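**Student:** the sequence and its predicted three-dimensional model are supplied below.
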Amino acid sequence: MARIIAIANQKGGVGKTTTAVNLGASLATAEKRTLIIDSDPQGNATSALGFPRDPARRTLYQTLILGEPIERVTIDAQIDGLDLIPSDRNLVGATIELVSMENREYRLKEAISGIREKYEYILIDCPPSLDLLAVNALAASDSVLVPIQCEYLALEGVSELLDTLMRLRRTINPSLSVEGILLTMYDDRTTLSKQVAADLRSFFGTQVFDSVIPRNVRLAEAPSHGMPVIFYDIHSKGAESYIQLAKEVISNAQKRVGQGSGSADTGTGTAAPAASAASAGAGGGGSSGGSSSGSHSV
Ligand code: ATP
Ligand code: MG
């Protein structure tokens, strides 16, 4: 039965789609049958996988709003072991149409339930918001993976997101856990990147993935060629880092099974990281808080 992971951060441009596409392709390549659900009206995951805009193509909209069986909107992503539920601009309407619908927060969860057995991982690429599409994704998921860009003011918004997650746990999805916080666009030549990484590790500890995604031009180029980076340039640092992340996700899943905890969920702090050196623009090397990889349960 698939582990369903929402890739979410209401901040735009932090690497959600890049992570959905490249983690998805890396999991599939590791022989884990994977489905990527593009739940963003921007449709970036759809185009990054090589599917240009096509008004005739069925999308998540048909299932979410019109109730079509999910199998009918699922397509082969042209990579062994990888399927895609595409999106397009129609999905903008869904956020409005959902408001007046019955069971509006759980429509995606219900739609997915019938295909969970077919996959080992289902990754949901969320829009940069906390609207009903994002809520549907979080309601349907076992866990949330939060990409955070290693940049000035990176920590802003993280506490808002975690507060929202906590609220969702109390209301619509008590078993939602944190898959992990992922540092993206890391540049080891800059003190700022190192400082942001150190701040995040010291605040969130083992919830931060050991794997770090570097800023890498191949990752930025691959979508315009309609392919995940492992097929565009397998030797790039970007490809290596997502393969590493896939290994970490798989190994955490195995540890969870070993511990006999389906989706462990203890509480997590939601306070903002106090006066981070990074937000203050301060320098200093900063030693990484050294996270031994754990199960990343909340
Ligand atoms: P949105 O909130 O708009 O959905 P997002 O969080 O999905 O954005 P991406 O689309 O994955 O973010 O990334 C934003 C931009 O940064 C894209 O142009 C992408 O190619 C580029 N990018 C993402 N990760 C990296 C990286 N590690 N190195 C270099 N460029 C990257
Ligand atoms: Mg995106």
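**Tutor:** Yep, it's here. Owing to the predicted nature of the structure, the values given are computational and were not obtained by experimental measurement. Numbers count the residues shown, from 1 in each chain. Ligands and ions are numbered 1, 2, ... in the order given.
**Student:** enumerate every residue touching V257.
**Tutor:** Taking Cβ atoms under 8 Å, 6 or more residues apart in numbering as the definition of contact, V257 has no neighbours. For the C-beta atoms, the positions are set from N, CA and C on the backbone; glycine is no exception.
**Student:** so it sits in a helix?
**Tutor:** Yes. Checked against DSSP: H, G, I helix; E, B strand; the rest coil, V257 lies within a helix.
**Student:** how close does it sit to R3?
**Tutor:** 10 Å (Cβ to Cβ, to the nearest Å).
**Student:** how about the helices in the stretch 51-200 of the chain?
**Tutor:** Using DSSP state H, counting those that start in this stretch, the helices of the stretch 51-200 of the chain run over residues 60-64, 91-99, 107-113, 132-140, 158-171, 191-204.
**Student:** and the protein, which residues reach ligand 1?
**Tutor:** Listed as neighbours of ligand 1 in the chain under the rule Cβ under 6 Å from any ligand atom: 12-18, 40, 42, 44, 128, 184-185, 213, 215-216, 219-220, 223, 238.
**Student:** one more time with 8 Å, if that's ok
**Tutor:** Counting by Cβ under 8 Å from any ligand atom, the chain comes close to ligand 1 at 9, 11-21, 40, 42, 44-45, 125-128, 147, 149, 184-186, 213-217, 219-223, 238, 241.
**Student:** just the pLDDT for the closest residue to ligand 2 within the stretch 151-298 of the chain.
**Tutor:** Nearest to ligand 2 in the stretch 151-298 of the chain, going by Cβ to the ion, is P223, at a distance of 10.2 Å. Predicted confidence (pLDDT) for P223: 98.
**Student:** show me the shaky parts of the protein.
**Tutor:** 261-298 (pLDDT under 70).
**Student:** mind putting the helices of the stretch 51-200 of the chain into JSON lines with distance to ligand 2 and mean neighbour count?
**Tutor:** As requested, those are arranged in JSON lines below (distance: least, Cβ to the ion, whole Å; neighbours: other Cβ atoms under 10 Å):
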{"stretch": "helix 60-64", "distance to ligand 2": "14", "mean neighbour count": "24"}
{"stretch": "helix 91-99", "distance to ligand 2": "12", "mean neighbour count": "17"}
{"stretch": "helix 107-113", "distance to ligand 2": "17", "mean neighbour count": "20"}
{"stretch": "helix 132-140", "distance to ligand 2": "12", "mean neighbour count": "24"}
{"stretch": "helix 158-171", "distance to ligand 2": "15", "mean neighbour count": "16"}
{"stretch": "helix 191-204", "distance to ligand 2": "20", "mean neighbour count": "21"}
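**Student:** remind me which helix or strand G12 belongs to.
**Tutor:** Counting by DSSP states H and E, G12 is held by no secondary-structure element, helix or strand.
**Student:** for it, which non-adjacent residue is spatially closest?
**Tutor:** Leaving aside its sequence neighbours, G12 sits nearest to P128 (Cβ to Cβ, 6 or more residues apart in numbering; 3.8 Å).
**Student:** ok, now which ones touch that neighbour?
**Tutor:** By Cβ under 8 Å, 6+ apart, the neighbours of P128 are 9-13, 16, 40.
**Student:** check these against ligand 2, which are close?
**Tutor:** Restricting the contacts of P128 to those touching ligand 2 (Cβ under 5 Å from the ion) yields K16.
**Student:** check contacts around the closest residue to ligand 2 within the chain.
**Tutor:** Residue of the chain nearest ligand 2, by Cβ to the ion: T17 (3.2 Å). T17 is in contact with 40, 44-45, 48, 125, 223, counting by Cβ under 8 Å, 6+ apart.
**Student:** E68 now?
**Tutor:** Residues near E68 by Cβ under 8 Å, 6+ apart: 58, 62.
**Student:** find the closest residue to ligand 1 in the stretch 101-250 of the chain.
**Tutor:** Taking Cβ to the nearest ligand atom, ligand 1 has its nearest neighbour within the stretch 101-250 of the chain at P128, 3.2 Å off.
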